[in-house]
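Engineer: Requesting a structural model of the entry that follows:
(2 chains)
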There are 2 protein chains.
Amino acid sequence: MEIAHPYLLFLGDVPDALAAKTAIGIVDWRRDWCIGQVRLEGCVADTGLPDMAIEDGAKKGAKTMVVGAVNAGGRLPDHWVDSIVSALNAGMDVASGLHVRLGSIAAIAAAAKASGRSLYDVRHNTEVFPTGKGTKRPGKRILTVGTDCSVGKKYTALAMDRAMSARGYESSFCATGQTGVLISGRGVALDAVVADFISGAAEWLSPATHDNHWQVVEGQGSLFHPSFAGVTMGLLHGSQPDAFIVCHEPTRTTMRGVSTPLPSIQQVIDFTVQAGRLTNPDIRCIGIAVNTMALNEDEAWTFLAKVGEDHGLPATDPVRFGIDVIVDKVAAEFGGP
Amino acid sequence: MEIAHPYLLFLGDVPDALAAKTAIGIVDWRRDWCIGQVRLEGCVADTGLPDMAIEDGAKKGAKTMVVGAVNAGGRLPDHWVDSIVSALNAGMDVASGLHVRLGSIAAIAAAAKASGRSLYDVRHNTEVFPTGKGTKRPGKRILTVGTDCSVGKKYTALAMDRAMSARGYESSFCATGQTGVLISGRGVALDAVVADFISGAAEWLSPATHDNHWQVVEGQGSLFHPSFAGVTMGLLHGSQPDAFIVCHEPTRTTMRGVSTPLPSIQQVIDFTVQAGRLTNPDIRCIGIAVNTMALNEDEAWTFLAKVGEDHGLPATDPVRFGIDVIVDKVAAEFGGP
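Structural biologist: Alright, predicted model coming up:
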């Protein structure tokens, strides 16, 4: 799956910004790939991109219209279907992070066929993967892991990729979730892969490269989450990271969606090293990324200083304070670009 | 998925017993569910069941014809299609462990529709599972785990279920692989489940029961196998075993299909306890099941004695010497039936 850009972002008529977080994430990380946004009457979300009609987006060179919003219930309302059909008729591909497959809607399937354009359902997966092999590949890899789901693993990986590139490292971001795939134009929603092929898919998405190239792999789930640890384990084995960053949200007490208590950062470090050694004996933790949104700035600095000292590792909030201290750690451990 | 028995076993015209191992496994464990076998001209495999024509099997009361053999390449040859159509027309359901979906073959789909019979593709999975919750359920559970794939986890679980029943325990076998599903008539091929739902599927297949009931869950893969550890992890979390049995093959040096060295039995015990505590803090190892086929009887006894002593656990080859010593351990640790 390689989604062509520039993008035209479709926001529909969603009633709040949260419903358009996919589109907002794309603009945050790939502003230069985005030509404009399409908003229907009543849309409250706003990415800040110029508003334009679908046909105008196509004329300005957009290659793919991305459905970057989610309607209540995850359904695809009829008036969105009309917009998608218009995009196909205007010569664009359409990519979507919705649960429903675009091609399962007759009008969209017919328009795609008639126009010869492609439909990308990034929550689903049509790629056939081999099973993982566990063989060490050339290239260097960083994986983000977490004390829980939804603690900033995608953001941290994207920030790390951007900061390493800015420092002169050859770096690429490897997406493992739907929003990440739309942000990077390729990747695989790992949670949608058939279980036997998790580590194989992770090997596929961070393939052999040369030894000066860093692949920064978006983590999923947590080894301590009773719903998703299998996905996390397969991703860890398949991505065979040289280094990992632990992501954490300090106010959470139970793991997302279940009543299991949060593990400590140290437990995550130890277990990740223990399990990760299977495919990379040199795996090590290089930093801690904390989402400090719930703390004021003083509290955040205090918390980060303590966490950093306790673990002997750089600790930062990538959103609030940047991630350069973890790039410094890469330089110290693995050398400069 | 609940496959109705009695079964009529279809062996096709396979050239050796190995190709019919699914059928042979069914006869080994569920002889009383099997009415007969159907063999085409040239078939070399033999389950020992009476040979009969498809229509005769149906007349004798078979409810499901099980395709219990695999053709070279896993394809479904045209002359097998004719047999499957005949079975449907004779009023039986058809269950298959082949990769190809029965319903994807037009003649079979049409016959199923016309006859109103069901097709079961046990390698595939149509059940929609919730994500795992990690909440402790009533009932007791035993999981078989392994130092590798294909070291006797299914056999050990089936033997344990049978031996516990014989000793008066209320016990049931929970299948997680295609042959196991055909043997027990229900279950789920866990490796075919979408990654996000591995532990949820494991929770579904070993549901809440009463505290005197033991579910013996067929293990999959190995926590140390770089291809499949994600499946193993999700199964461990979802089945939340009170007790587990480590299965081992002593002559193997690298894991099946990859070049990763085999872990030690102690490593498997330690890592299983560590990971399994997440959903069952009381998880413990109750025995070691060794496939001693490559050893002569003296060597086998010597090996088992040493392994048992090294780990302070009962060790046996369930095929060669039975599994009663591990049932004794259940009685000692958890009480009698």
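
Engineer: neighbours around A:A300, how many?
Structural biologist: By other C-beta atoms under 10 Å in any protein chain shown, the residues close to A:A300 number 20. (C-beta placed from N, C-alpha, C; glycine too.)

Engineer: wait, doesn't A:L235 sit right on A:W204?
Structural biologist: No. Assessed by C-beta atoms under 8 Å, A:L235 is found out of contact with A:W204, at 11.7 Å.

Engineer: more crowded one of the two?
Structural biologist: A:L235 (31 against 19).

Engineer: secondary structure element for the nearest residue to the more buried one once chain neighbours are set aside?
Structural biologist: Closest residue in space to A:L235, ignoring its immediate chain neighbours: A:A202 at 4.8 Å, by C-beta to C-beta, 6 or more residues apart in numbering or on different chains. For A:A202, the host element (DSSP states H and E) is helix A:198-205.

Engineer: Now the element after that helix, going C-ward?
Structural biologist: Next along the chain after helix A:198-205, taking DSSP H and E as the criterion, comes strand A:213-217.

Engineer: so does that following strand get close to chain B?
Structural biologist: No. For a cut-off given as C-beta under 8 Å from any C-beta of the partner chain, strand A:213-217 has no contacts with chain B; the smallest distance is 15.0 Å.

Engineer: For that strand, which strands pair with it and how are they oriented?
Structural biologist: strand A:140-146 (parallel), strand A:170-174 (parallel) (DSSP bridges).

Engineer: Between the two ends of stretch A:222-238, how far is it?
Structural biologist: 15 Å (C-alpha to C-alpha, to the nearest Å).

Engineer: ugh, typo on my part, it should be stretch A:181-191
Structural biologist: End-to-end distance (C-alpha to C-alpha), stretch A:181-191: 13 Å.

Engineer: pLDDT (mean, whole number) over that stretch?
Structural biologist: Average pLDDT, stretch A:181-191: 93.

Engineer: Distance from it to the middle of the chain?
Structural biologist: 7 Å (C-alpha atoms, centre = their mean, to the nearest Å).

Engineer: Neighbours of the nearest residue to A:I283 once chain neighbours are set aside, how many?
Structural biologist: In this structure, A:I283 finds its nearest non-sequential neighbour in A:G276, 4.0 Å apart by C-beta to C-beta, 6+ apart. Close neighbours of A:G276, defined as other C-beta under 10 Å, add up to 25.

Engineer: hang on, isn't A:G276 packed against A:L236?
Structural biologist: Yes. Using C-beta under 8 Å, A:G276 is in contact with A:L236, at 5.2 Å.

Engineer: May I see the domains of chain A written out as residue ranges?
Structural biologist: A:7-121, A:140-334 (automatic domain parsing).

Engineer: just checking, which of those domains sits deepest inside the structure?
Structural biologist: Stretch with highest mean neighbour count among the domains of chain A: domain A:140-334 (a mean of 21; mean count of other C-beta atoms under 10 Å in any protein chain shown).

Engineer: Pull up the distance across it, start to finish.
Structural biologist: Criterion C-alpha to C-alpha; first-to-last residue distance in domain A:140-334 is 10 Å.

Engineer: about what we covered before: would a markdown table of the strands paired with strand A:213-217 with mean pLDDT and distance to A:I24 be doable?
Structural biologist: Below are those laid out as a markdown table (pLDDT from 0 to 100; distance: least, C-beta to C-beta, whole Å):
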| stretch | mean pLDDT | distance to A:I24 |
| --- | --- | --- |
| strand A:140-146 | 98 | 20 |
| strand A:170-174 | 98 | 17 |
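
Engineer: can you put those in CSV and add distance to A:I105?
Structural biologist: Shown next, in CSV, are those (distance: least, C-beta to C-beta, whole Å):
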stretch, distance to A:I105
strand A:140-146, 35
strand A:170-174, 30
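
Engineer: quick one: which of those strands is nearest A:R123?
Structural biologist: Proximity to A:R123 (C-beta to C-beta) singles out strand A:170-174 among the strands paired with strand A:213-217, at 17.4 Å.

Engineer: got the residues of chain A near chain B?
Structural biologist: Checking chain A against chain B by C-beta under 8 Å from any C-beta, the hits are A:131-135, A:190-196, A:198-200, A:223-224, A:226-235, A:237-238, A:257-260, A:271, A:274-275, A:278-279.

Engineer: now with 6 Å?
Structural biologist: Applying C-beta under 6 Å from any C-beta of the partner chain, we find that chain A lies next to chain B at A:131-134, A:191-196, A:198-199, A:226-227, A:229-231, A:233-234, A:237, A:258, A:260, A:278-279.

Engineer: Mind checking which of these are in helices?
Structural biologist: Judged by DSSP state H, the subset of these located in helices is A:198-199, A:229-231, A:233-234, A:237.

Engineer: Let me know whether A:C149 touches A:R256 as I believe.
Structural biologist: Yes. Proximity of A:C149 to A:R256 meets the contact threshold set by C-beta atoms under 6 Å, at 4.5 Å.

Engineer: hey, what's in contact with both of those two?
Structural biologist: Common contacts of A:C149 and A:R256 (C-beta atoms under 6 Å, 6 or more residues apart in numbering or on different chains): none found.

Engineer: mean confidence score for the helix holding A:A202?
Structural biologist: On average, helix A:198-205 scores 97.

Engineer: Need the residues that contact that helix.
Structural biologist: Counting by C-beta under 6 Å, 6+ apart, residues outside helix A:198-205 touching it are A:129-132, A:174, A:187-188, A:190, A:193, A:234-235, A:237-239, B:195, B:226-227, B:230.

Engineer: ditto for stretch A:121-134
Structural biologist: By C-beta under 6 Å, 6+ apart, the list of residues contacting stretch A:121-134 from outside reads A:96-97, A:99, A:101-102, A:178, A:181-182, A:188-189, A:192-193, A:197, A:199-201, A:203-204, A:238, A:279, B:226-227, B:258, B:260.

Engineer: same thing but at 8 Å, please
Structural biologist: A:1, A:3, A:95-99, A:101-103, A:178, A:181-182, A:188-189, A:192-193, A:196-204, A:234, A:237-238, A:240, A:278-279, B:226-228, B:257-260 (C-beta atoms under 8 Å, 6 or more residues apart in numbering or on different chains).

Engineer: What of stretch A:24-38?
Structural biologist: So stretch A:24-38 is in contact with A:5-11, A:17, A:23, A:45-54, A:56-57, A:60-62, A:65-66, A:68, A:83, A:154, A:158, A:162, A:179, A:182-185, going by C-beta under 8 Å, 6+ apart.

Engineer: Let's see which of those end up in helices.
Structural biologist: A:23, A:54, A:56-57, A:83, A:154, A:158, A:162, A:179, A:182-184.
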